[in-house]
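A.B. asks: Here is the input, now give the coordinates:
(3 chains)
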Amino acid sequence: EPEILEDFNKLVQREDPDIITGYNIDGYDMPLLEERMKFNKVRFSIGRDYISPRRIMDQYWRLHGRVIDDTWWEVRKVLHPKHETLNYVSNMLLNEGKEDVNRLDIENEWKNRRDDVIKYCIKDARLALLIYRKIRILDRNLYLSTVSMLPLDDVTNGGTSTYVDSLLIRRADRENIGVPMSSSKFSNDTYAGGYVHTMDPGLYDMIVVLDFKSMYPSMIIKYNICFTTLSPEGTIVAPNGARFLDPGVKKGIIPDLLEQLMKNRDEVKKQMKEDKSNHDYLDGLQAAIKVLMNTFYGVLGTSFYRFTNREISSAITAYARNTITSIIADLDKSGNKVIYGDTDSIFIESGKKTLDEAIEYGNRLSSDISRKENLVLEFEKIMDPLFSHGAKKRYAGKIVYPPSSAGEILVRGYETRRTDSFDLQSEALSTVFDLILSRDVEGAKQYAEDLVKEVATGKIDTSKLVISRSVKNFSTYKNAGSMANVNAAKKLIDAGETFIPGMKVSWIVTDAGKTPQAVEPFIDGRKFTHTPDYVYYSKRLQETLNRVLESLDKEIAVFKNPQSKITDAFEEKPKKRDIEDFFK
DNA sequence: TGCGTCTGCTTACCT
DNA sequence: ACAGGTAAGCAGACGCAT
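C.D. replies: Here you go, the predicted model:
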């Protein structure tokens, strides 16, 4: 073993990589290597200066001259896949899966088919690297590194507050402004956020969507919001009562920084149009600047950051709420029909018959309001039709403008967007949306009815019933034993599989009648030997589809009373007990 | 004992 | 360790009727 470990050190030094990655190396390979090196008294010398990697705050690995970047964590952060296993993610992104070796019986596998095990290990490492490249993590981090003026290591491993620190402290230092070392106290009180307009159920025609460009950064700039301008003598009075100095008296460093970033971004976007050969690089830069700008508001609102200030963060959201609600009120007053809005967006029923008229309408509103408010309210898109069942943060629409995305179906919030719904549920809802948005409500009803019936009889592929959710450390739960995801994780561990707190766990419900409902873990690549509770799945499917269809037609007979209809149609009717039964 | 209703907990989503 | 607002599912408590 010492020899293998020495060879590993030499390999790293010989190949001299900038980045070291793998799937869950943070939690598995690195600790294991560290432990074996220690046991065998071999120095873990893979740094560029031959120093050993160090675990920092039980969070990441620091290695001089190289960055250790776990593909698993990056996949979770940027992809939010339904399942997090290497096999699932590589199949999804690369159409290529793991080698077939039984990891739980690795001793025998190594004895009997050594070459296959070697192939398996190499494949695992290669897949992780291919995924790492495919999702362009390095590009993204390098762009952020450039615009935040941070080393790659800090961008990869640090939080977003690191980015703001980098820009803000540099700037404060230059102007001789003192900066706190850390947050003096943990702030627990909450404050109000964005405004969300209620939406009535229905199918709407020609919906024009307007969007504020960088809403929160714009508020900060417009009202000179900063910890350097917050003062009782301030003449700019925010809706929450906070007072800020006029920029003529003193310009805040946060608004100044943001203004600069906004200008830089516009400049980069302009260059992008002129210089096609550098398009991808410039696009990466402008996207990184946007990320950076939006980070400022967030970190000001956290409970522990050095620049945390509730008066400031709530002033930002209060100004934003005031802005959007007063514009909505004005629009309503002038006869425009606002049907929805969330934080920085406004959905308006244009009432126009043709696309050209609707486009003209959108452009006019956008320029009128932008001029009046001294903000940029962009005309973003038109949807025709747009569907809502009457809930906030949930809608589905067919985009008809801009031409680049015309024809696209846009869904927000619904089960089709959620990683914890089973495939059958999302696929069926997606079909229903396709039909509804082609204005075929009758067809949608028929499809839904038939499918719900069929599922109750068990005529459905088991793989379409898998539910997946993340599971935290068991001790963080008030009542861990009553939760399906936790119970699935426990059974996963019993089956000898890996469970790491925070990861997603998959299961199938086998008996929803029990409390808590009985579940069996679904393990990728292994045959599922239990029987799903088809009636449970049928009911959930019905809830999902019914919620949508009912809002368009209150008289959907079969869907009116889910429970009884399901059992009536697909199960033996529970016999009415008559008097004889009591004597049996 | 059974059923409906409400509340709390939890996750994932939207902006 | 970036924010608050929101929908939805499940468990458990509670009250009411049987």
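A.B. asks: Can you name the residues of chain A sitting close to DNA strand B?
C.D. replies: Proximity of chain A to DNA strand B (C-beta under 7 Å from any atom of the strand) is limited to residues A:80, A:194, A:211, A:342-345, A:393-394, A:411-413, A:417-420, A:469-472, A:476-479, A:483, A:485, A:504. C-betas here are computed from N, CA, C, even on glycine.
A.B. asks: change it to 6 Å
C.D. replies: Contact residues (C-beta under 6 Å from any atom of the strand) of chain A with DNA strand B: A:80, A:194, A:342-345, A:393, A:412-413, A:417-420, A:469-470, A:472, A:477-478, A:485, A:504.
A.B. asks: are any of these buried, and which?
C.D. replies: Buried by 16 or more other C-beta atoms under 10 Å: A:D342, A:T343, A:D344, A:S345, A:R469, A:N485, A:K504, out of the residues of chain A next to DNA strand B.
A.B. asks: so what's the backbone phi/psi at the nearest residue to A:T160 once chain neighbours are set aside?
C.D. replies: Leaving aside its chain neighbours, A:T160 sits nearest to A:T295 (4.7 Å; criterion: C-beta to C-beta, 6 or more residues apart in numbering). Main-chain dihedrals, A:T295, degrees, to the nearest 10: phi -70, psi -30.
A.B. asks: and what of A:D342?
C.D. replies: Dihedral angles for A:D342 - degrees, to the nearest 10 - are phi -140, psi 110.
A.B. asks: now it, nearest residue through space, not along the chain?
C.D. replies: Once flanking residues are discounted, A:D342 sits nearest to A:V196: 5.0 Å by C-beta to C-beta, 6+ apart.
A.B. asks: Same question for A:V455.
C.D. replies: A:S538 (4.4 Å).
A.B. asks: Quick check, pLDDT for the one you found.
C.D. replies: For A:S538, the pLDDT comes out at 94.
A.B. asks: Ok, the one 5 residues further on next?
C.D. replies: Note for A:E543: predicted pLDDT of 93.
A.B. asks: Give me the number of neighbouring residues for it.
C.D. replies: Residues lying near A:E543 (other C-beta atoms under 10 Å) number 14.
A.B. asks: Wasn't it part of a strand?
C.D. replies: No. According to DSSP: H, G, I helix; E, B strand; the rest coil, A:E543 belongs to no strand; its state is helix.
A.B. asks: pretty sure the residue nearest to A:D342 is in contact with A:G413, am I right?
C.D. replies: No. Checked against C-beta atoms under 8 Å, the pair A:V196 and A:G413 is beyond contact range at 11.5 Å.
A.B. asks: so what sits against both of those two?
C.D. replies: Common neighbours of A:V196 and A:G413, counting by C-beta atoms under 8 Å, 6 or more residues apart in numbering, are A:K393.
A.B. asks: what pairs with the residue nearest to A:N336 when sequence neighbours are not counted across the strands?
C.D. replies: Of all residues not flanking A:N336 in the chain, A:I348 sits nearest, at 5.6 Å (C-beta to C-beta, 6+ apart). Counting by DSSP bridges, A:I348 forms beta bridges with A:V208, A:V338.
A.B. asks: which residue sits closest to the residue of the stretch 1-150 of chain A found nearest DNA strand C, ignoring its sequence neighbours?
C.D. replies: Residue nearest to DNA strand C within the stretch 1-150 of chain A (C-beta to the nearest atom of the strand): A:Q59, separated by 5.8 Å. Leaving aside its chain neighbours, A:Q59 sits nearest to A:N157 (7.4 Å; criterion: C-beta to C-beta, 6+ apart).
A.B. asks: Also A:R170?
C.D. replies: A:M149 (7.1 Å).
A.B. asks: list the contacts for that neighbour?
C.D. replies: A:S166, A:L167, A:R170.
A.B. asks: Kindly confirm my reading that the second one forms part of a helix.
C.D. replies: Pointing back at A:L167 there. Yes. Counting by three-state DSSP, A:L167 is found in a helix.
A.B. asks: Would you confirm that it contacts A:L292?
C.D. replies: Yes. At 7.5 Å, A:L167 counts as touching A:L292 under the criterion of C-beta under 8 Å.
A.B. asks: So which of the residues of chain A next to DNA strand B sit within helices?
C.D. replies: Per DSSP state H, helices hold the following members of these: A:N485.
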